Structure formats: structure tokens, C-alpha cells
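Novice: Give me coordinates for this.
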Amino acid sequence: MNKKQKEFITEPGHTETVFATEFSPQSPNILATSSFDSTIKIWHTGTMSLIKTLVGQDGVIYSMSWSKCGQFLASSSIKGDVFIWDTSSGEVLQKVDHHSRQPVFCVDWNHSFPQHIVSTSNDRTVCVFDDRGHIYKRFRLPGAAFGCQWCPHNAAMFVCGCMDGNAYVFNTDESGSGVFKHYLSGHVARVFHTVWNPLVPGTIATGSDDKTVRVWQIDIEAGEASGGGRAGGRHPGSGEIDFEVEDGDFRKVGCLIREHKSFQGHKNNVRPVLWHSEVPYLLLSGSWDGEIRLWDARESDSCFSVGKGHLADVYGLSFHPDRPFTLASSSRDSTVRLWVITGEVKRIIYDAISKHSIDEYVTLPQENGILTGPASKHLQETLRTHKRDDHKCCKEIFSFFGGKTGIEELWAAAAYSINGRDRALEENSDVSDDVQAKKIILHKNEIVFNSLAEAQSLESIKMRRSSMGGGIGGMKKEEQIRMAAKIYAQSGDLRKFCDILFELGDCERALAIAPGVGMEYWQEMAQRYGKKLADSLNEDCFPFFVAGGRPDEAVNFYSKRKQFREAFLIASAASSGSFPEIQSSGGFIAESKDDSMDQTVSPGNTDCHKNLLRSASANMADHYLDAGESVLAATSYLASNDTKLAISTLLDNEEPLLAFGLAKVAGMEDTDDRLRGLGKGLPKMRASRKGKTLRLGVEKDYKA
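Specialist: Numbers count the residues shown, from 1 in each chain. I've put the predicted structure just below:
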């Protein structure tokens, strides 16, 4: 694992152990975390911003599971209940209590049968119920029940771990002659987590307090259990036990499974276990030793890499199937960290960029291939369909293998900078709403257009009767209208800015800005009110700068406050001619950390605005470089159409593959000697067991 840690200043996060981390099935940018502090937090991973905090469930929240649609979330707690949340509204839809107020350690939502949820508890029972709390089946084990998961290849089956050191496989299908299928015996301490391999039917991994991970192979179509307990059907809502695995009697059933392979290396109890969704033999585990291990499941005790980033017990691991090489982990150190699997994966990325194909790496699971999952096949088809479209191919490649902060912004900006606005709108039409809303950097052509649309949306509240805006915690009506006015001014529409201020009764400020629109307009306002505005020393100063033909002062003002997005917005508006030109004596200086870019020019000179845009772009890039965000720094240059400097920035900051991809899209492969011969030093990734150089590198490290 290539270790690369970064600090993020986020909104208030968890204050205690983070037990679970789960990506929303509908977006690789939405991550839910649950904690000892009795809260669930939903994050946007691209910006590390907190979207929502779910509050109301008492006690430690051990586990979570999303519904298939991504709107609902089930969570389990130490108080013995399971909550069903509507994550859009933050409301609790249902409180389910089927475990005698004993701790509920795990909950899993069936994505094939959305009406089925399974939960496990310290009361020794496993319950299957729907999202309204109606119970279908209840099973009793010889000891406390822990990790559980529905089978992806047989939706009626699930596996769960037990205090007695065994794992149990059940079938909830009423048509069967029994419900108990298999017990997996081999661990010598409690089995805490159990997971099915999504690519190899019947393969299960278990993690235990005996410090080992074990892999089992079962026949998911095997015959039913013939004894060792009692089974019975019933109507939903009954409290009866459908099946009880009585201590000792289960050995008579005749469905004992011994482990297929065993993996030793952790120095303490194993907690999360996770199969990779695209590489069929890649298995991950976390432990109380603070380590994350990548195992080669084809061979016992074969470890690819060890990730050492957390300072305490690792409790949660999660991938999103659309971005399978980015891993989220959570820990008792109260952090959530994002990691990127690298190593030989770099060779695949390079070949994919060069050939617009991953055909040599994509195979069926039974062929012992490298990439065998559905997302790999989707990427393969996309590259075939768009083989002549460099931008589309690189965008999809880095989205799949990515995880770097700013990847989406970089390719969106590249579409504008290299291909033009019409093509950019076409290229970015498939960008999800949550990504669009959370973009950190927009291209100069996009930022003004989008900001004006945002202002119009905010201003539309004037047509509503309510005095309130966005509900609890949202802006009031007047605050929302003032925000619209601010955005109009930053985007160059000063007339709209003055009109709104006048309507709100802030006539003095409106009058002072009015000359920027025209003397006739100013005189009209003067007659209506008759007063002038004195200069202000707070943020209200920026419209006076642009009205007086000095957008550079506004850019410098925001740059000194490290509000680089606002500075770049104003510089972009100025460079596109949105602000009026007012003739005056003297000139102004576009300031930048790069002294070679400082230049005094007179107002009205187009070089002045170009210089201003360059300095704003450079300042924003320097800011992100200081923060260790080289991709966002390169995107800052792309946003002002400086593709060459963007490529150079990526190369200077150890991102040669991104630089190569961008250079190929822009047709600039020969602009930098460092791009030549890039592929010579990259190892070839093969399906053989030799040359295992997969590594997992932490991409983000922040207080969750």
C-alpha cells in the first residue's frame, strides 16, 4: 500500500470510535459512518464535506446497511434496536426491536429481496424482517450472533458468525425442507465477520478473535439439513423460533464444512473482512492491531500488502462497486481514511490510456483473470464504444481506478479547456447531481453560467409567500435574496445586484454601485433616494471594486482571505468581458506568488484581464499545492485554459499517469521530455501468482 496521508478540515465529525463505514449503492461519493457517539454521519467524499447527521438512536451504533435504492439506511445499536432511516429527510421511519433489548451487532439489507433485512444479536438470535418491522423468521444459535451477510448468488441464503467459533449458513426460502444449510468449523474463537465473494459463488471469508482470516467453499445449491434442530413456518409477526441450532446437536446434521484456506498475519482480533468487487482473489481484512491487510486468496497466508495508517483498532472497510480501487476504512482512532490500491494497477491504467482498452485484463472469474467484475466489463465496453474519444476514455479510466481528490473537476475542466463549451456540456451531461453540486473548481466558462443559474434559483423565493427559505437550519427569505444579489455581482450582472438591493431597502449601497451600470441608471436611482454610500471595510467592498473598473482589487481581496474560488470567479468574469470598462488614469497590478507574472497595465487593455486570470489561477494552484492537492492544483490551471502548466504541475508532483492521460487528450504528448518513455518502468500485471506487487496507499486521512 502506497502510504500518502493528508489532513482535511471538515465540519464537526465523530468524537468517538467509528464502527462502520458504508458507501451508498447509488453514488461512490456518498459515504455513511456510524459511531460510539450515537450518530450517523453522511459525507461527500469528493470534498470531505458533511452532508447530514442522523440523530435519535441511543447508544453505540455498531452497524449500517443501505437499501438498494440508496435512500434508506438500516442501523443497529447496543440498545437492541434497529432503526430504518430516510436519509433524504433525516427522519426515522421505523424502530424495530426483536432482540430483547440485547445489543444488535450487525444488520444487512437484502438487495435482491428489498423487503428482507437480517440482524444478529447478543441474545443468540438472528432475525429476518421487513422495513416495517414485520418478522419473517427467527433463528437461535448456540452463542451470541455477530457479522451477517446475504448471499449475492442465492438471495434466500445468508451467513452469520457466532460466539462458539463457527459460522452458520441458513436458507430462508419457505419452499425448502429445512433452513439450516451448513456450519463452518475451524476457528478457535468467536467469528466476528462473515462475507460472501461477489465474484465466486459459494466462497465465504470469515474473520475471528483467533487472529486469522479463513476462506470456505460451499455448494450454495446443496441439499437441506436433515436434523439437529427444528424448523417451522409461521406468519410474520410471530415470536416463535423457526429453527434452533442446539449446542452439540448441530454436529449431527451432516453439513460440516472445513476451511478451504487460512490466512495468518494479524497480531490481534480480526474485525472487518471484505472481498474486492472486481479482482476475484483479492481479500482485505482489518484488525485491532491497526493494520489493513491485502490477501491473495488463491494461496494460504499469501499477503500482498499491509496498510499501516490507523492508530488503533480497524472496525470498518468499504468499497463502492463503481470505484473499486478506492477503499474507506474506519477506526477506534475516530477517523475515516480513504486508500487507493496501486502497485501493478498503474500498469493497467497506462495500458488503458495508451490503447483505450483493458481487454487483456478482463476475463471470467473461472479463468483466473485479473478483472472479472461487472464494473470492469462496463469500463471495457465504454472504451470500445468511445475508442476515438481521448477525453471520454481517460475520464472513465480515472473514475474507475481513481480516488484522487479533484479527479472529476479535472476532467470537467479539461472538457471546457480543450474541447470547448458545447462539447463540455455534452461530456458532462452524465455527471450526477451530487457531484455537480459539490464541485470545488469550475472552468471559467462554466463558473459564470452556473453561478447565474444559482442566483436565479435563489431569487425565485421572492415569488413565495413564506418568510422562511430552506427550512430548519436554512437561510431566511431575505438572506437567500441577498445571496442571489451577491452572486449576480460576482458574475458581472451589476444591474440585477442594484435592483435587488433597492427592493430590500438597502438603497445607499445600490446607489453607490449604480455608476458601474451607467450614469443614466445612477441618476434614476439618485432621484429616487438621493444619498450616497460611504466605503466599507468588510466583504461588501468587492462590488465597488468591480463597479469602478478594478476587478483586480476584488481578486486580490479574496486571494488574501484565501477565498480562491471567489477570486477566480471574478477574474473569469473580467476576462470574459462581463464587467464594464471605466476609463481612468493609472493602471493596476495583477499580483501573484510568481513575480514574473506581475504586470502593470491600463484599464481596458485585454492583456490586463488575461494577466488577472493567470494570477488568480496561479494563486489558487499554489494554495492547493501547499495543501498537498496536486490534482486540484493542476485543475486550477486547466480552469484558465493553461493545459501545459497543468501537465507540468502533475509531473512535478508525482502524478505522471494523470499527466500522460491529460497530455494525450490535449494532443500534447511531446511538450515535456518526462512524458517520453513513461511506460518503460511500469511492471506488467499478470494473473499468475508470481510478482505480487499490489499495494494499498492511503489517499485521505481526516477527522470523520
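
Novice: how far out from the middle of the chain is stretch 495-506?
Specialist: 40 Å (Cα atoms, centre = their mean, to the nearest Å).

Novice: what residues does that stretch touch?
Specialist: 455, 459, 478, 481-482, 484-486, 488-489, 507, 509-511, 513-514, 517, 521, 525, 528-529, 543 (Cβ atoms under 8 Å, 6 or more residues apart in numbering). For every residue, glycine as well, the C-beta is placed using N, CA and C.

Novice: and with 6 Å instead?
Specialist: A485, Y488, A489, R509, A510, I513, A514, V517 (Cβ atoms under 6 Å, 6 or more residues apart in numbering).

Novice: cool, and stretch 271-291?
Specialist: 192-193, 195, 197-200, 205, 207, 213, 266-270, 292-298, 306, 308, 310, 312-317, 319, 321, 324, 365, 371-373, 375-376.

Novice: picking up where we left off before, just the buried members of the contacts of stretch 495-506?
Specialist: A485, Y488, A489, R509, A510, I513, A514, V517 (16 or more other Cβ atoms under 10 Å).

Novice: Helix, strand, or coil at the fourth one?
Specialist: When the structure is split into helix, strand and coil by DSSP: H, G, I helix; E, B strand; the rest coil, R509 lands in helix.

Novice: could you measure it against D499, distance?
Specialist: R509 sits 12 Å away from D499, going by Cβ to Cβ, to the nearest Å.

Novice: again with the fifth one
Specialist: The span separating A510 from D499 equals 8 Å under the rule Cβ to Cβ.

Novice: So which of the contacts of stretch 495-506 belong to helices?
Specialist: Counting by DSSP state H, the contacts of stretch 495-506 place A485, Y488, A489, R509, A510, I513 in helices.

Novice: Can you verify my assumption that the second one contacts A455?
Specialist: Read it as Y488. Yes - taking Cβ atoms under 6 Å as the definition, Y488 is a contact partner of A455 at 4.9 Å.

Novice: picking up where we left off before, can you lay out the buried ones among the contacts of stretch 495-506 as TSV showing pLDDT and distance to P25?
Specialist: Shown next, in TSV, are these (pLDDT from 0 to 100; distance: Cβ to Cβ, whole Å):
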residue	pLDDT	distance to P25
A485	87	40
Y488	88	39
A489	86	41
R509	85	49
A510	86	49
I513	85	49
A514	87	53
V517	86	50
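
Novice: Quick check: of those residues, which lies closest to F564?
Specialist: Among those, A489 lies closest to F564 (Cβ to Cβ), at 18.1 Å.

Novice: re the thing from before, identify the farthest-apart pair in the ones in helices among the contacts of stretch 495-506.
Specialist: Longest span within these, Cβ to Cβ: Y488 and R509, 13.6 Å.

Novice: now the helices for the stretch 351-500 of the chain?
Specialist: 374-385, 390-401, 407-419, 421-427, 433-437, 444-459, 477-490, 494-503 (DSSP state H, counting those that start in this stretch).

Novice: Just tell me which of these ends up closest to V336.
Specialist: helix 433-437 (18.1 Å).

Novice: Tally up the residues packed near the nearest residue to E446 once chain neighbours are set aside, please.
Specialist: Spatial nearest neighbour of E446, excluding adjacent residues (Cβ to Cβ, 6 or more residues apart in numbering): Y416 at 5.8 Å. Y416 is flanked by 23 other residues according to other Cβ atoms under 10 Å.

Novice: Which pLDDT value belongs to Y416?
Specialist: Listed pLDDT for Y416 reads 76.

Novice: Please enumerate the shared neighbours of R509 and D499.
Specialist: Common neighbours of R509 and D499 (Cβ under 6 Å, 6+ apart) do not exist.

Novice: how long is stretch 124-135 from one end to the other?
Specialist: End-to-end distance for stretch 124-135: 16 Å, by Cα to Cα, to the nearest Å.

Novice: just how off-centre is that stretch within its chain?
Specialist: With Cα atoms, centre = their mean as the basis, stretch 124-135 stands 30 Å off its chain's centre.

Novice: quick check: domain ranges of this protein?
Specialist: Domain segmentation of the chain under automatic domain parsing yields 18-344+697-703, 353-437, 444-680.

Novice: looking at those domains, which is buried most?
Specialist: domain 18-344+697-703 (a mean of 20; mean count of other Cβ atoms under 10 Å).

Novice: could you give the mean pLDDT of that one?
Specialist: Rounded mean pLDDT across domain 18-344+697-703 is 87.

Novice: Please tell me I have it right and the residue nearest to E446 contacts N445.
Specialist: Yes - here Y416 lies in contact with N445, judged by Cβ under 6 Å, at a distance of 5.3 Å.

Novice: for the stretch 51-200 of the chain, what spans make up the strands?
Specialist: For the stretch 51-200 of the chain, the strands defined by DSSP state E, counting those that start in this stretch occupy 61-66, 72-77, 82-86, 91-96, 104-109, 117-121, 125-129, 135-140, 145-150, 157-162, 166-171, 180-185, 191-196.

Novice: partners of the fourth one, with directions?
Specialist: The reference is to strand 91-96. Using DSSP bridges, the strands paired with strand 91-96 are strand 82-86 (antiparallel).

Novice: Residues contacting the strand it pairs with, please?
Specialist: Residues beyond strand 82-86 that count as contacts (Cβ under 6 Å, 6+ apart) turn out to be 54, 57, 73-76, 92-96, 104, 107, 119, 131.

Novice: from these, which single one is nearest H153?
Specialist: Nearest to H153 among the contacts of strand 82-86, with distances taken as Cβ to Cβ, is V107, at 20.9 Å.

Novice: Flag the shaky bits of the stretch 401-550 of the chain, pLDDT-wise.
Specialist: Applying pLDDT under 70 to the stretch 401-550 of the chain flags residues 403, 419-440, 461-475, 523, 526-538, 540-541, 543-545, 547-549.

Novice: Who is E291 paired with across the strands?
Specialist: K308.

Novice: can you put the contacts of stretch 495-506 in TSV and add distance to F83?
Specialist: Output for those, formatted as TSV (distance: Cβ to Cβ, whole Å):
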residue	distance to F83
A485	42
Y488	43
A489	45
R509	49
A510	50
I513	51
A514	55
V517	55
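
Novice: and of these, the nearest to A155?
Specialist: Y488 (53.2 Å).

Novice: With A485 as the reference, measure out to the closest residue in space to that closest one that isn't next to it in sequence.
Specialist: Take Y488 and drop its neighbours on the chain: the residue closest to it by Cβ to Cβ, 6+ apart is K496, 4.2 Å away. Going from K496 to A485 by Cβ to Cβ gives 7 Å.

Novice: again with S376
Specialist: On the measure of Cβ to Cβ, S376 and A485 end up 49 Å apart.

Novice: Let me know the secondary structure of H266.
Specialist: coil.

Novice: right, and it touches K211 too?
Specialist: Yes - between H266 and K211 there is a contact at 4.9 Å, judged by Cβ under 6 Å.

Novice: Mutual contacts of these two, please.
Specialist: When Cβ under 6 Å, 6+ apart defines a contact, no residue borders H266 and K211 alike.

Novice: The nearest residue to L682 once chain neighbours are set aside sits in which helix or strand?
Specialist: Nearest non-adjacent residue to L682, counting by Cβ to Cβ, 6+ apart: R347, 4.5 Å away. Assigned by DSSP states H and E, R347 belongs to helix 345-355.

Novice: Could you check the angle that helix makes with helix 390-401?
Specialist: 160 degrees (axes from the mean of the first three to the mean of the last three Cα atoms, to 10 degrees).

Novice: Flag every buried residue along helix 345-355.
Specialist: V345, K346, R347, I348, I349, Y350, D351, A352, I353.

Novice: what's the spacing between the third one and R676?
Specialist: Meaning R347. From R347 to R676 the distance is 18 Å (Cβ to Cβ).

Novice: Quick one: mean pLDDT for stretch 385-394?
Specialist: Rounded mean pLDDT across stretch 385-394 is 90.
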